[in-house]
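Undergrad: build me a model:
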Amino acid sequence: MRPTVAPFPAARLRRTRKSDALRALTRENRISCEDLIWPMFVCDGQNERQTVGSMPGVERKSIDLIVEAAREARDLGIPAICLFPYTDASLKTETCEEAWNPDNLSNRAISAIKSAVPEVAIMTDIALDPYNANGHDGIVRNGEIVNDETVDALVKMALAQAEVGADILGPSDMMDGRIGAMRTALEAEGHSNVAILSYTAKYASAFYGPFRDAVGASGALKGDKKTYQMDPANSNEALRLVERDLMEGADMVMVKPGMPYLDICRRVKDSFGVPTYAYQVSGEYAMIKAAAQNGWIDGEKVMLESLMAFRRAGCDGVLTYFAPEVARALNG
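TA: Okay, the predicted model is just below:
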């Protein structure tokens, strides 16, 4: 419905912008710590920190330090974290069996966090790229990323994560039919309360580069991911994917990347009205950080403005590497 506006000077739209108090009273959207999911990178070792050069301020941390970071998330009011493993190259194979090893790095981290900080929700990543000698999200056969064999592997990965206490599974692989296969397996194995936040509209984006550095997939990747991730030119396709994933049993859906795809976020929310998330990906984070470090922008203000853009576009929450900085800013 189009709003009705009286003619000037009866309507002076600047009246409600006059002061902090009036702006607060008429503000349409707000950012909260409860809107945040904090992505973290876990590595082997003890008291181990590894700088990610292309992501200023982000580190890979060993499990003991990841547990401390989960405690920090709790204390800051951040309700959920998302884990990504930095897998040793010796464990990467073309069949990716380390992905569903119950004692792999990611699963050990889930178990440790659940024991120490059970009130923080743990989201996981379900894709084969951290374990794949070819660097792809799926199994490669004769140069093709094969769908159905990959889905079978992803189901085993999902069950292994559910067994050690994951609260939210995040399938980021973009294979066809994987949500339905995971949901069926989870129900059959007694994990009916494990939620699925599907990377439903994940685009074949150039904004992922720093993330691939962080998980050690950059050097391994052969070719590109355009046969399974979405074409950045497409919008209607995203709605078909959302509808499919919801029908297959996804509880929540995600658009990735974030700010370059705010139009997709809005279309998804308006079309389906389901819990909708965006991932403010590594390239988005790195651009803001680099510009701030060069003194070209006010880093904190741009960080908060970028988060507000997601809320305005209809997102219920955001995965962002800024999560602890945002929470500290909001908490004063």
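
Undergrad: helices of the chain, residue ranges please.
TA: 20-25, 63-76, 105-116, 147-163, 178-188, 209-215, 236-248, 262-272, 282-293, 299-312, 323-330 (DSSP state H).

Undergrad: which pLDDT value belongs to Glu300?
TA: Per-residue pLDDT puts Glu300 at 97.

Undergrad: what do you get for Arg240?
TA: pLDDT, Arg240: 98.

Undergrad: also Val215?
TA: According to the model, Val215 carries a pLDDT of 83.

Undergrad: next: Asn294.
TA: Taking Asn294 on its own, its pLDDT is 97.

Undergrad: pull up the distance across stretch 242-253, start to finish.
TA: 7 Å (Cα to Cα, to the nearest Å).

Undergrad: save the helices of the chain as CSV, and put in distance to Phe8 too.
TA: Using the backbone N, CA and C atoms, a C-beta is placed for each residue, glycine as well. Listed next are the helices of the chain as CSV, based on distance: least, Cβ to Cβ, whole Å:
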stretch, distance to Phe8
helix 20-25, 19
helix 63-76, 45
helix 105-116, 57
helix 147-163, 58
helix 178-188, 52
helix 209-215, 48
helix 236-248, 40
helix 262-272, 30
helix 282-293, 38
helix 299-312, 26
helix 323-330, 36
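
Undergrad: out of those helices, the one nearest Lys202 is which?
TA: Among these, helix 236-248 comes nearest to Lys202, with 8.9 Å by Cβ to Cβ.

Undergrad: list the buried residues for the closest one?
TA: For helix 236-248, burial by neighbour count (16 or more other Cβ atoms under 10 Å) applies to Ala238, Leu239, Leu241, Val242, Arg244, Asp245, Leu246, Glu248.

Undergrad: how far away is the closest residue in space to the first one that isn't next to it in sequence from Ala220?
TA: Of all residues beyond its chain neighbours, the one nearest Ala238 is Ala201 (3.9 Å), with distances taken as Cβ to Cβ, 6 or more residues apart in numbering. Taking Cβ to Cβ, to the nearest Å as the measure, Ala201 falls 25 Å from Ala220.

Undergrad: give the contact list for Leu197.
TA: Leu197 makes contact with Met123, Ile168, Leu169, Gly170, Ala250, Asp251, Met252, Val253, Met254, Tyr277 under the criterion Cβ atoms under 8 Å, 6 or more residues apart in numbering.

Undergrad: closest one of these to Lys156?
TA: Of those, the one sitting nearest to Lys156 (Cβ to Cβ) turns out to be Leu169, at 12.5 Å.

Undergrad: and that closest one, how many neighbours does it have?
TA: Leu169 is flanked by 29 other residues according to other Cβ atoms under 10 Å.

Undergrad: distance check, it against Tyr279.
TA: Going from Leu169 to Tyr279 by Cβ to Cβ gives 15 Å.

Undergrad: and for Gly223, the neighbour number?
TA: 12.

Undergrad: tell me which helix or strand of the protein sits lowest on mean pLDDT?
TA: helix 209-215 (a mean of 84; mean pLDDT, DSSP states H and E).

Undergrad: I would like the residues contacting that one, please.
TA: 41, 52-55, 58, 60, 84-87, 129-130, 135, 218, 221, 281-283, 285-286.
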